[in-house]
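Enquirer: Next input, structure requested:
(3 chains, ligands or ions: 2)
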Amino acid sequence: MAQITIKGVKKNYAKTAVIHGVDVNIEAGEFVVILGPSGCGKSTLLRMIAGLEEITEGEIAIGGTVVNKLEPRERGCAMVFQNYALYPHMTVRKNIGYALKVAKVPKAERDARVMKVAQSVSLEPFLDRRPGELSGGQRQRVAMARAMVREPKVFLFDEPFSNLDAKLRVAMRSEVRRLHRDLGVTSVFVTHDQIEAMTLADKLIIMNAGKVEQIGKPTEVYNNPASRFVADFIGSPAMNLFEGEFDAEGHFVHGAGGRMNVSQLNGVRQPGRKVVLGVRPEGVRRTGADTHGAIPAVVDYVEELGASRLIHADANGSRIVALDNDSAELKSGTPVHLSLADSALHLFSLEDGRRISH
Amino acid sequence: MIERSPFFDFITYLAMAFGALVVVIPFWITLVAGSQSLQEVSQVPISLLPSSHLFENLAAAWTRGDLGPKLINSFIVAIGVTVGKITLASLSAFAIVFFSFKARMICFWLIFITLMLPLEVRIVPTYSIAANALLPFQVILDTLGITGLVQAVSGVQIALNWNLLNSYTGLILPLVATATGTFLYRQFFMTIPDELVEASKMDGAHPLEFFFDVLLPLSRTNMLALATIMFVSSWNQYLWPLLITTDRANFGTVVMQLKALIPAQNGTPDWNVTMAGALIIMLPPLLVVAFMQRWFVRGLISRDK
Amino acid sequence: MERRAYYRNGWMPWLLLAPQLILVLVFFYWPTTQALYWAFSLEQPWGGGNTWVGFDNFLAIFRDREYWGTVLRSAFYAIVSTGLSMAVALTLAAFVDRSLKGTRIFQSIYVWPYAIAAPAAGVAFRFIFAPESGLIGSVNQIWPGIWDPATNGIHALAMVIVCHAWLGIGYNFIFFLAALQMIPRSISEAGAMDGARPFQRLIDLQLPLIAPTAFFLLIMNLISSFTDSFGLIDVMTEGGPIGQTEVMVYKIYFDGFKGLDYSGAAAQSIVLMLLVIGLTFVQFKWVERRVHYN
Ligand SMILES: Nc1ncnc2c1ncn2[C@@H]1O[C@H](COP(=O)(O)OP(=O)(O)OP(=O)(O)O)[C@@H](O)[C@H]1O
Ligand SMILES: [Mg+2]
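Expert: Ligands and ions are numbered 1, 2, ... in the order given. Now for the predicted structure:
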């Protein structure tokens, strides 16, 4: 178990900068998930922690020791690769035990440890097979066992489940949760799957284009997105975002000209201020026409989700999505009235996308 | 890459430089010695820097080895083999991969077994056939009794004879007769998806149109690779030309002249001329490989799969 | 190798195949059969009668101590030159595989020997190793007579072997490098995470994974040293001194074309053919066992 400190870390490939200064503190025993769109530099950051990639600038410390100049083998991290990177010519037993063999652990102890780890991920029946003779899920477990057997200070995972089918993913997810609960090892997990991120993380790091957008508990990130990017990226269905400004009466006027009554945003309603207004679909409700501040809209189409459904509607030229539990049939073209829940409104600066607190 | 320690990088460069030295030294010595005067080249120890006599030595080697006509012969043979091999190989691979006929597998094996035995191994009998390339057919006709039949009917005796000694055909044909190229083309043709053939059929294209309009353009990289490999290997042939050309003056190739350039046991040790000659002889295939490296590397490697 | 889409056409495939088949028949099958026939009969050099003698030609060469000397020498030559060439090429490929800056230049230099005719390299090496010249020969200035391939058979053989090994570096390097680069990078990285140092990764991970290529090269090199050695030896030593660098092909050439003993040469050819076929067969067997990544 070790704490990881990342200070002002940058990474350039030749001339192009791909990580522009990242500062993160990871507590000992924490399970941290790095989430971000493809190409934002998640793997690069993880590989810099592992020692597989040089650190251009800044400092990474593991357990209080600066590791910038240390080789991977000296850092005490174990890694699970996206394509598993199992040794194709070795049996499962040898794959798992290789690190111990390199570390010159005596054979008897090595066998015992391999067996114990194999049991914990239910791999004993496959110990004498080669990776080529295993299913995707079994390979995945070998990769995990190989990381676990060394009893490392830190676990690093680079999209370990991206080659699995949906069902196996869910199973592996809970397995990883369980292992983390049992072993309590500091873990850094990279993914671009937000459900995976939400369910696994003690702490979530949202990255975009080589920068950290937000760090926080999953619920915190969901409820108080620090930027327009995070608001848009986290949550499915995605948050409704309207660009616009406040008029003289303090109404929000969105780009297409429609007005919305947002009296709850007291204090930040300077007329002429350009902002982005965000509200999650579950914060948009159908109401009667006479409700104060109701927004008239026309149903475009309805997406059935089973227990609930999504209403895609047009409010004065602006698209809005509402989560609806009412089962009454709604046809395309039906006029409805929508209201925005008081607590569900988010406001971001149009200029830099940062959150405006209210 | 991992382990970017400056020390390990240094070791890497050191090893690579040492390797480069091992590879380059023979070339360098050839160049250096080829540019020195007789006196300089006979010095012990020899100077490892080039001198100023390169062109005299080249000229001397040119005359002594009669390199002008020999270079022309070498080019004729190398280009002949290259063109011949590419033509035959692409045609036969096309037939084997894209046609369905009864004896297909037999033809396949008939051709590919030849990969097993290099020319050097069967040099003695191959030489004998060069004296009369049509001998096999004569024997076939004789055993089938056709010769006798024809003679009885028309009074004409069939005597097939085609002497390949001292001819370009003799130099070229046996080198074309192996399956390396066919194998390379087959490997490539196998990667052509069925859909392409089907599409071409749907368009109403004749098989030969498919061959010329689709397969050949697609296999350009393979062709360059094969051309490089064939040019180099036929330029560098030694044993076969040595046997088949008794008339060295007219049909000798340049590689055969190397021996003639070596100083005689008790003659003047003018290694400078020898090395200048070697330089001329080494240069064409070296240039081809240097320029074609990207393609021919790919070709060589796909041969293994 | 079956494909779903193909052409059916009675005569066209035969037309396409004819040139190749005829050449193969005339220049491969006929001579090979001829060699078999000669090997089992006694024939006059330029036509004339021949008599069936069974295995006499083979017995004659097998009883010949000199022939066994040649076989052993060829084996030694093959093993040492193959080992040397492959070791150098593998080392270079392993370092080049680190892809440091500027590696490309080295990479293209290493391929050069592939382009060189064996006799041309032979001439260059003969000069380099000549006892009277100023390179290796310089040692004779310090210790007179210590190096003389013209009279010392061991020196001569060493010289030829070194040259043969040098010639093979380019070919071996290309294959080794390609094989190394085919290994997914993450396997090396996983090895590094498991704590293995570069040399250990080479032994434990890379070498086993390129074993099929290494084996392919081993066979190709062995075959080439049995067959391609002719030009080299002819230029460098002509089999001398006193036959001490004579290898199998050279003896075939010498007995057949200089000694005009066609039957003996044919029998020797058959032995060499069997050897090469045997090696190729082993190669084919092995190729089926290629390692696959995932
Ligand atoms: N060796 C390299 N040379 C140059 N640029 C690179 C190199 N490796 C990665 N990059 C660039 O760095 C950026 C970040 O890459 P990285 O692999 O970290 O993305 P990622 O967030 O892991 O994406 P994904 O979710 O697709 O795996 C990308 O824009 C990529 O193009
Ligand atoms: Mg990635």
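Enquirer: Which pLDDT value does the model give C:Met193?
Expert: Among the per-residue scores, C:Met193 holds a pLDDT of 91.
Enquirer: quick one, what contacts it?
Expert: A:Ala50, A:Leu52, A:Pro72, A:Arg73, A:Cys77, A:Ala78, A:Met79, A:Ala99 (Cβ atoms under 8 Å, 6 or more residues apart in numbering or on different chains). To be clear about C-beta, it is placed using only N, CA and C from the backbone, and glycine gets the same treatment.
Enquirer: what about 7 Å?
Expert: Contacts were defined as Cβ atoms under 7 Å, 6 or more residues apart in numbering or on different chains; by that measure C:Met193 touches A:Ala50, A:Pro72, A:Cys77, A:Ala78, A:Met79.
Enquirer: I'd like the average pLDDT over stretch A:260-267.
Expert: What stretch A:260-267 shows for mean pLDDT is 69.
Enquirer: cool, and stretch C:274-294?
Expert: Mean pLDDT, computed over stretch C:274-294, is 69.
Enquirer: got it, and stretch B:32-40?
Expert: This predicted structure assigns stretch B:32-40 an average pLDDT of 84.
Enquirer: Quick one, grab the pLDDT at residue 89.
Expert: I'll assume chain A. 89.
Enquirer: try again with chain B
Expert: Looking at B:Ala89, its pLDDT reads 90.
Enquirer: what about it, distance to chain C?
Expert: Noted for B:Ala89: a distance of 7 Å to chain C, by Cβ to the nearest Cβ, to the nearest Å.
Enquirer: That residue: neighbour count?
Expert: B:Ala89: 26 surrounding residues under other Cβ atoms under 10 Å in any protein chain shown.
Enquirer: Then the one 4 residues further on?
Expert: Neighbourhood size, B:Ala93 [other Cβ under 10 Å]: 29.
Enquirer: Which pLDDT does the model give it?
Expert: Here the pLDDT value assigned to B:Ala93 is 90.
Enquirer: And the host helix or strand of it, how far out from the chain middle?
Expert: Using DSSP states H and E, the secondary-structure element containing B:Ala93 is helix B:67-98. Helix B:67-98 has its average C-alpha position 8 Å from the chain's average C-alpha position, going by Cα atoms, centre = their mean, to the nearest Å.
Enquirer: Does anything pack onto that helix? Which helices or strands?
Expert: With contacts defined as 3 or more Cβ pairs under 7 Å, 6 or more residues apart in numbering or on different chains; DSSP states H and E, the packing partners of helix B:67-98 are helix B:104-112, helix B:168-176, helix B:180-190, helix B:220-235, helix C:12-24.
Enquirer: from the contacts of C:Met193, which is closest to C:Pro149?
Expert: Of all those, the one sitting nearest C:Pro149 is A:Pro72; the distance, using Cβ to Cβ, is 50.2 Å.
Enquirer: Now do the contacts for the closest one.
Expert: A:Pro72 makes contact with A:Ala50, A:Gly51, A:Leu52, B:Ile2, C:Ala192, C:Met193 under the criterion Cβ under 7 Å, 6+ apart.
Enquirer: Leaving out chain neighbours, which residue sits closest to it?
Expert: Across the structure, with Cβ to Cβ, 6 or more residues apart in numbering or on different chains as the measure, the residue nearest A:Pro72 apart from its sequence neighbours is A:Gly51 (3.7 Å).
Enquirer: quick revisit: export the helices and strands packed on helix B:67-98 as TSV, with columns for distance to B:Pro136.
Expert: Written out in TSV, the entries for the helices and strands packed on helix B:67-98 read as follows (distance: least, Cβ to Cβ, whole Å):
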stretch	distance to B:Pro136
helix B:104-112	14
helix B:168-176	13
helix B:180-190	21
helix B:220-235	24
helix C:12-24	9
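Enquirer: In the helix holding B:Ala93, which residues are buried?
Expert: For helix B:67-98, the neighbour count (16 or more other Cβ atoms under 10 Å in any protein chain shown) marks B:67, B:70-71, B:73-74, B:77-82, B:84-86, B:88-98 as buried.
Enquirer: try stretch A:59-69
Expert: By neighbour count on 16+ other Cβ under 10 Å, the buried set for stretch A:59-69 is A:Ile60, A:Ile62, A:Gly63, A:Val67.
Enquirer: pLDDT averaged over that stretch - what is it?
Expert: This predicted structure assigns stretch A:59-69 an average pLDDT of 90.
Enquirer: can you count the residues close to the residue of the stretch 151-300 of chain B found nearest ligand 1?
Expert: In the stretch 151-300 of chain B, the residue found nearest to ligand 1 is B:Arg294; the distance is 21.4 Å by Cβ to the nearest ligand atom. Other residues within reach of B:Arg294, judged by other Cβ under 10 Å, total 11.
Enquirer: so what's it scoring on pLDDT?
Expert: Per-residue confidence (pLDDT) for B:Arg294: 77.
Enquirer: Now do the helices in chain A.
Expert: Counting by DSSP state H, the segments of chain A that form helices are A:42-50, A:92-102, A:107-120, A:136-148, A:166-183, A:194-200, A:218-223, A:228-233.
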